[in-house]
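Visitor: A structural model of the following input is requested.
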Amino acid sequence: MAGMVATPKGSSTAGSKLHETARRDSLGLTGLLEWLRSERDNVASERVRRLDSDAAAVQITTVHQSKGLEYPVVHLPFASMRFVRPVDCARYHDDEGVRTVDVSAGGPGWSAHEKAHLAEEAGEELRDLYVALTRAQSQVVTWWAPTRNTTDGGLHRLLFGRRPGQAEVPDIQDVKDDDYADRVLGLLAELGGPSREVSEVSDVVPAAPVVPADDLAARAFGREVDTEWRRTSYSGLIRVQEQPHGVTSEPEVEPERDEWDATESEPGRRSEPEAGLPAREPVISPMAALPSGAEFGSLVHGVLEVADPEAPDLRAEILDHTREQLQWWPVGVDAEEIADGLLPSQHTPLGPLASGLRLVDIPLRDRLCELDFEFPLTGGDRPAGARPDVRLGDVADLLRRHLSADDPLASYADQLVGPLGEQALRGYLSGSIDIVLRVPDPSTAPGDGAHRYVVVDYKTNLLGQPGSPVTSSDYGRAEMATAMLHSHYPLQALLYSVVLHRFLRWRVPAYAPETRLGGVLYLFLRGMCGPDTPVADGHVAGVFDWAPPPGLVTDLSDLLEGVQR
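Guide: Purely as a prediction, here's the structure:
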């Protein structure tokens, strides 16, 4: 028996491949969506044809391998014939039943030994046939054809070598004409045996005429490549002058690159106190001796992302996570010194937007850390129906419409010009919000369960005069506003507010931007000096609080979506 084909009763629905593909190919949301679309369009792909289990697939196997197994339907294409190989080594049982091997290939007893060998091989063929015929649960389909190997075939000997009531099956059975075969198979069907069906050769289909090929020529590229479509982020938008235009992709992991210190540019200069106001008593920054730069910023973000404010010993909690992060971001400073510098920021009041709470007062259950996001800009890769031409400079019109003249960030509209403002907002925007805080709504009665949601971004920027001690005075509201404008943080704050708006719109019942959006807090950690941090006009040093009007956030969300107006 050469082999058999087992087929299922029906096909089963293949399980979802999305999770496996995302893990295997390290695909994000956009890449996974594109993979799914490609698989849907390519109906002949290997993944589409692949089934989840062998139970729902056609299996080609040998009879020996199928022993003990069952299949719904079994096809036996070669059961009626057997190729008999020349015997050069006879294996048989002698008259006493002892297994014997004759390797002489000649001599007076060779003929009898060869005959015994062939007889046992013919018997083994019948046993294999029994196994093959009993594997099916519902149906067996086999073929018979008069070939030169049919005389030794097990199925042929079984069907044509016996008469009713005869148990012995001959080793060889002659092949007669087709009429004889048809009569015998018909009689077997009448006696309850297998039903026969004649296989007819179909008419020959004439080959399609061969069309002579035209002369070879280079194919012309007639498409227009959209070089302004890209996957970008806030940092990608503000780096427009550092990299060329075109289709680009943001790196998945990189140090914090949106922070600067006073050694880089003039905006870090400390402002003079206004006339008629008493000078605030400065407090030395607990982080005055700590380094600056992207690696240190990444370390701090990693620590504050996972530190539990409800830990029995908050310093020990911060210290443990600092040691972990130093393995990834070595900055040349002891973990104890970094932990001591970060601890006061956790006990600094956050101002009115956070209902006067401190970070240590807000447990992890009221925090959403590292909120990753990715959403389409003006339709993403399906821009049909969206506003065709949206530029970053269009955000300036929204700022002028919604912000009052005395807003500390109102002048940012004037910065959205030139190459920065000319960028097309088409493709996808991705990024990660450091933290979203859920705080009690200060406009409602305590204990009524109403909450507002505040976007928080940690900053380790080094402000003030180079060479001078870093104090809380370097992080007054005016100084922080200058730093915000210098680094395009208003754009970041607005984009993150849109992300929060869309997230809450999906997750909070009866969501209303006017009551749920709580604004943004940019925490300049070097200026947060603990309970003794100076407060001027209700604004805490080191805490830049800004509440963009909800209408500005919703209009910006519509602009980024490409809503026609």
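
Visitor: Next, Leu353: phi, psi?
Guide: Backbone torsions for Leu353, taken as degrees, to the nearest 10, come to phi -60, psi -30.

Visitor: Quick one: residues contacting it.
Guide: Residues near Leu353 by CB atoms under 8 Å, 6 or more residues apart in numbering: Val439, Val454, Gly518, Gly519, Leu521, Asp545, Ala547. In short, each C-beta sits where N, CA and C put it, glycine included.

Visitor: Report pLDDT for it.
Guide: What the model reports as pLDDT for Leu353 is 94.

Visitor: next one: Val43
Guide: Predicted confidence (pLDDT) for Val43: 55.

Visitor: before we move on, what about Trp144?
Guide: Note on Trp144: pLDDT of 87.

Visitor: which one is it nearest to, not counting chain neighbours?
Guide: Once flanking residues are discounted, Trp144 sits nearest to Ser80: 4.2 Å by CB to CB, 6 or more residues apart in numbering.

Visitor: Glu124 versus that neighbour, what's the distance?
Guide: Separation of Ser80 from Glu124 (CB to CB, to the nearest Å) stands at 17 Å.

Visitor: Compute the distance between the residue in the chain sticking out farthest from the centre and Asp102, please.
Guide: When distances are taken from the C-alpha mean of the chain, Pro108 lies farthest, 75.5 Å away, according to CA atoms, centre = their mean. Distance, Pro108 to Asp102, using CB to CB: 12 Å.

Visitor: still on that earlier bit, so the residue farthest from the centre of the chain, which of the three states?
Guide: coil (DSSP: H, G, I helix; E, B strand; the rest coil).

Visitor: Run through the residues that contact the spatially most central residue of the chain.
Guide: Central residue of the chain (CA atoms, centre = their mean): Ala22, 3.4 Å from the mean position. By CB under 8 Å, 6+ apart, the contact set of Ala22 is Leu32.

Visitor: May I have the residues that are in contact with the residue nearest to Trp144?
Guide: Shown in contact with Ser80 (CB under 8 Å, 6+ apart): Thr142, Trp143, Trp144, Ala145, Thr150, Gly153, Gly154, Leu155, His156.

Visitor: and if we set it to 7 Å?
Guide: For Ser80, the contacting residues are Trp143, Trp144, Ala145, Thr150, Gly153, Leu155, His156, by CB atoms under 7 Å, 6 or more residues apart in numbering.

Visitor: wait, doesn't Val184 sit right on Arg162?
Guide: No. Val184 is beyond contact range of Arg162, at 10.4 Å (criterion: CB atoms under 7 Å).

Visitor: Residues in contact with stretch 472-486: which ones?
Guide: 265, 267-268, 270-271, 280, 282-283, 285, 408-409, 411-412, 415, 461, 463-464, 490, 522, 524, 526-527, 529, 533-534, 536, 539, 541-542, 544.

Visitor: the bottom helix or strand of this structure by mean pLDDT?
Guide: helix 46-49 (a mean of 48; mean pLDDT, DSSP states H and E).

Visitor: Could you list the low-pLDDT ranges of the chain?
Guide: For the chain, residues meeting the criterion pLDDT under 70 lie at 1-16, 43-55, 241-280, 445-449, 565.

Visitor: rewinding a little: over to the residue nearest to Trp144: give its phi and psi.
Guide: Torsion angles at Ser80 (phi, psi; degrees, to the nearest 10) stand at phi -90, psi 0.

Visitor: who's the residue lying closest to Phe375 once chain neighbours are set aside bridged to?
Guide: Closest residue to Phe375 apart from its sequence neighbours, by CB to CB, 6+ apart: Leu429 at 6.0 Å. Counting by DSSP bridges, Leu429 is bridged to Thr232, Phe375.

Visitor: Make 48 the first number, not 1, from now on.
Guide: Sounds good: first residue 48 from here, last item Leu476.

Visitor: residue contacts, Leu476?
Guide: Counting by CB under 7 Å, 6+ apart, Leu476 has contacts Thr279, Ser280, Phe422, Leu424, Leu542.

Visitor: distance of the third one from Leu542?
Guide: Just to be clear, that refers to Phe422. Counting by CB to CB - Phe422 and Leu542 are separated by 10 Å.

Visitor: can you give me the helices in the stretch 448-597 of the chain?
Guide: 465-468, 524-533, 536-554, 560-563, 597-608 (DSSP state H, counting those that start in this stretch).

Visitor: mind putting the ones you listed in TSV, distance to Gly440 included?
Guide: Output for the helices of the stretch 448-597 of the chain, formatted as TSV (distance: least, CB to CB, whole Å):
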stretch	distance to Gly440
helix 465-468	3
helix 524-533	16
helix 536-554	12
helix 560-563	24
helix 597-608	11
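
Visitor: and of these, who's closest to Leu450?
Guide: Among the helices of the stretch 448-597 of the chain, helix 597-608 comes nearest to Leu450, with 7.1 Å by CB to CB.

Visitor: how far is that closest one from where the chain is centred?
Guide: Put simply, helix 597-608 sits 28 Å off its chain's centre (CA atoms, centre = their mean, to the nearest Å).

Visitor: ok, now stretch 594-609?
Guide: 29 Å.

Visitor: For that stretch, list every residue counted as buried.
Guide: Buried residues in stretch 594-609, defined by neighbour count with 16 or more other CB atoms under 10 Å: 594-597, 599-604, 606-609.

Visitor: What lies in contact with it?
Guide: Residues contacting stretch 594-609 (CB under 7 Å, 6+ apart): 400, 424-426, 433-434, 437, 441-442, 445, 449, 472, 541, 544-545, 548-549, 560-561, 564, 566.

Visitor: Buried only: go through these for me.
Guide: Burial by neighbour count, judged by 16+ other CB under 10 Å, picks out 400, 424-426, 433-434, 437, 441-442, 445, 449, 472, 541, 544-545, 548-549, 560, 564, 566 from the contacts of stretch 594-609.

Visitor: could you pull out the strands for the stretch 198-347 of the chain?
Guide: Secondary structure of the stretch 198-347 of the chain (DSSP state E, counting those that start in this stretch): strands at 277-279.

Visitor: can you map out the helices along it?
Guide: Under DSSP H, counting those that start in this stretch, the stretch 198-347 of the chain gives helices at 201-207, 225-237, 281-285, 341-353.

Visitor: Between those helices, which one is closest to Val251.
Guide: Closest among these, once you apply CB to CB, is helix 225-237, at 21.0 Å.

Visitor: Which strands and helices lie in contact with the closest one?
Guide: Under the contact definition 3 or more CB pairs under 7 Å, 6 or more residues apart in numbering; DSSP states H and E, helix 225-237 sits against helix 201-207.

Visitor: So which bits of the helix it packs on are buried?
Guide: With burial defined by 16+ other CB under 10 Å, the residues of helix 201-207 counted as buried are Gly201, Leu202, His203, Arg204, Leu205, Leu206, Phe207.

Visitor: Same question for stretch 399-413.
Guide: Neighbour-count burial for stretch 399-413, counted by 16+ other CB under 10 Å, picks out Leu400, Ala401, Ser402, Leu404, Arg405, Leu406, Val407, Asp408, Ile409, Asp413.

Visitor: Check the separation of the first and last residues in it.
Guide: Distance between the two ends of stretch 399-413: 17 Å, counting by CA to CA, to the nearest Å.

Visitor: Return the distance of it from the chain's centre.
Guide: Offset of stretch 399-413 from its chain centre (CA atoms, centre = their mean): 33 Å.

Visitor: mind checking how far stretch 441-460 is from the chain centre?
Guide: 38 Å.
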